[in-house]
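In: Build me a structure from this.
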Amino acid sequence: MKIKAVNGFKDILPEDTPRWQHMERTARDIFARFGLREIRTPILEKTELFIRSIGEATDIVEKEMYTFTDKGITMRPEATASILRAFIEHGLHVRQPVQRLYQIGPMFRHERPQKGRLRQFHQMDVEIIGASEPQVDAELMAMGSLLLDELGVSTSLEINSLGCPECRPGFRTELINYLESLQDKLCKDCQRRLTTNPLRALDCKNPGCRTIVQDAPSILDHLCPACDDHFAKVKEGLDQLGIAYTENRFMVRGLDYYTRTTFEFITGDLGAQAAVGAGGRYDGLLAQLGGPELPGIGFALGMERLALLMEQQDSMHEQPATDLFIAALGPEAARHAAKLAHDLRKAGLRAAMDHSGRSLKAQMKQAGRIHSRFTLIIGDRELEEQKAVLRNMHSQEQEDFPLGGSRDEQVHELLQLLASS
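Out: All right, here's what the predicted structure looks like:
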């Protein structure tokens with residue numbers, strides 16, 4: 001009986017990895033343009049970290065975390081808490097008042113696997129810690145938009161404000177009163193969370209709950225003057241940067257630590273999994289975890305969903321080509337080809353060859369499968385005559401290639417020929 005991958009854990013196969021590598025290269029380039037530095041945190045963290053940051057009454061903590069209960073450790077379900085733990089533990093704020101950080105890696109949640117949603121999933125996560133200005137919020141969203149644009153992925157930006165500890169209690173009370181009047185029509189999850197986390201009802205996917213919340217009170221009507229001014233300046237900043245957006249008063253996010261600005265990058269091309277990325281401000285979270293009183297904002301992009309969109313929207317057309325395939329015919333030719341291929345790789349070329357001694361026809365097919373730009377055909381006879389055949393795989397034109405000089409000379413000649421083509 002074959003052993004298969006665990007349900008919800010997916011292999012990323014060689015034909016798919018070029019798309020992932022392209023995502024990572026593009027992200028790292030853009031993050032560097034905005035002054036971000038990479039941080040890498042462990043996959044395992046103390047369970048308490050996520051309970052204190054994400055919130056005990058959230059779906060993630062209640063139902064979705066992979067926890068080793070006897071050890072009190074959990075496989076990270078998201079990146080922000082881990083990055084903030086590292087920020088506090090190593091006193092990063094002492095080195096630099098504002099830290100601009102990013103992380104790329106796997107996260108783990110025990111959810112029902114479906115298109116664009118796995119139990120092991122990968123995220124590109126960005127955090128700016130120590131900056132409270134609304135212009136930073138706008139800049140962060142603009143960076144996310146730029147990254148998605150350069151990946152060739154079409155999305156729309158939705159924004160909201162969740163207020164702060166001063167203005168949210170009044171809204172929370174009014175929302176609970178509204179939901180209690182319709183409690184028997186709510187789904188079981190929303191009924192259970194009615195007093196512990198009532199805001200989750202606003203983005204519940206149950207059709208009955210979605211109908212009920214259409215007439216629910218809006219947090220935007222309860223913002224204190226400071227939060228109202230902050231949100232107005234965020235929108236002004238987005239307008240100045242030319243970033244299109246819509247307000248979504250039902251957006252609350254699934255994590256308890258968000259305050260003020262929240263946002264999502266939305267697509268209509270992945271069915272129910274509409275959010276490609278999401279984030280927001282978490283000004284009180286650092287102190288809640290035992291750190292300094294510093295503000296923060298961040299977002300994460302789901303890489304599986306990005307890969308699906310890039311494939312559907314045909315934003316990446318070809319895999320990187322091999323520069324040169326060496327088709328060796330005969331034992332002496334194979335020995336010569338192996339040394340030549342190694343020297344070409346040392347010189348920076350992507351060189352490949354077949355070691356099984358197959359026919360020329362079979363080797364030419366292999367060269368085509370790996371998208372080789374050129375093929376160098378060397379047989380024992382060619383070695384004796386000191387003259388190989390170099391074929392352009394695109395035009396099918398071929399020319400003689402001299403083997404009479406030293407191997408360094410052959411490498412130099414091939415480098416020049418391939419660079420000029």
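
In: so what pLDDT did the nearest residue to residue 158 once chain neighbours are set aside get?
Out: Nearest residue to residue 158, sequence neighbours excluded (Cβ to Cβ, 6 or more residues apart in numbering): residue 248, at 4.1 Å. Every C-beta, even on glycine, is put in place using the N, C-alpha and C of the backbone. With respect to pLDDT, residue 248 scores 90.

In: Pull the contacting residues for residue 248.
Out: 158-160, 264 (Cβ atoms under 8 Å, 6 or more residues apart in numbering).

In: How about residue 401?
Out: 376, 387-390, 413-414, 417.

In: sorry, back to before: ranking by neighbours, what's the top pick from the contacts of residue 248?
Out: Counting neighbours by other Cβ atoms under 10 Å, residue 160 comes out on top of the contacts of residue 248 with 25 neighbours.

In: Relative to residue 274, how far out is that residue?
Out: Between residue 160 and residue 274 the distance is 15 Å, computed by Cβ to Cβ, to the nearest Å.

In: Residue 297 reaches residue 286, doesn't it?
Out: No. Counting by Cβ atoms under 8 Å, residue 297 sits too far from residue 286 to count as a contact (11.5 Å).

In: neighbour count winner among these two?
Out: Ranked by neighbour count (other Cβ under 10 Å), residue 297 and residue 286 place residue 297 first, with 28 against 22.

In: Enumerate the beta-bridge partners assigned to the more buried one.
Out: Residue 297 has these beta-bridge partners by DSSP bridges: residue 128, residue 281.

In: quick one, what contacts it?
Out: 127-128, 131, 136-137, 140, 261, 279-282.

In: Do you know the pLDDT at the nearest residue to residue 41 once chain neighbours are set aside?
Out: Leaving out its chain neighbours, the residue that sits closest to residue 41 by Cβ to Cβ, 6+ apart is residue 82, at 4.0 Å. Looking at residue 82, its pLDDT reads 96.

In: Regarding residue 82, what is its secondary structure?
Out: helix (DSSP: H, G, I helix; E, B strand; the rest coil).

In: What spatial separation is found between it and residue 355?
Out: Taken as Cβ to Cβ, the span from residue 82 to residue 355 is 44 Å.

In: What is the burial count for residue 240?
Out: Neighbours around residue 240, by other Cβ under 10 Å: 11.

In: helix/strand/coil for it?
Out: helix.

In: Report the spatially nearest residue to it, omitting neighbours in sequence.
Out: residue 138 (7.5 Å).

In: if I pick that neighbour, what's in contact with it?
Out: 234, 236-238, 240-241, 243.

In: Need the pLDDT of residue 40.
Out: Taking residue 40 on its own, its pLDDT is 97.

In: and the closest residue to residue 11 other than its chain neighbours, which of the three is it?
Out: Of all residues not flanking residue 11 in the chain, residue 5 sits nearest, at 6.0 Å (Cβ to Cβ, 6+ apart). Here residue 5 is recorded as coil under three-state DSSP.

In: and residue 5, how many neighbours does it have?
Out: Counted with other Cβ under 10 Å, residue 5 comes out at 9.

In: Quick check: it vs residue 308, distance?
Out: 18 Å.

In: for residue 274, same thing?
Out: Counting by Cβ to Cβ, the gap from residue 274 to residue 308 is 12 Å.

In: So which of those two has more stuff around it?
Out: Neighbours around residue 274 and residue 308, counted as other Cβ under 10 Å, are more numerous at residue 308. The numbers are 20 against 17.

In: quick one: buried residues of the helix or strand containing that one?
Out: In this structure, residue 308 is located in helix 303-312 according to DSSP states H and E. Going by neighbour count (16 or more other Cβ atoms under 10 Å), the buried part of helix 303-312 is 303-310.

In: Which one of these is nearest to residue 104?
Out: The closest of the buried residues of helix 303-312 to residue 104 turns out to be residue 303 (Cβ to Cβ; 7.9 Å).

In: Could you check how far the closest one is from residue 270?
Out: 13 Å.

In: What of residue 329?
Out: 49 Å.

In: Ok, residue 408 next?
Out: 52 Å.

In: ok, those two, which is more surrounded?
Out: residue 270 (20 against 10).

In: which residue packs closest to the more buried one, ignoring adjacent ones?
Out: residue 116 (4.9 Å).

In: isn't the one you found right up against residue 304?
Out: Yes. Using Cβ under 8 Å, residue 116 makes contact with residue 304 at a distance of 5.9 Å.

In: tell me the domain boundaries of this structure?
Out: 17-167+223-312, 324-413 (automatic domain parsing).
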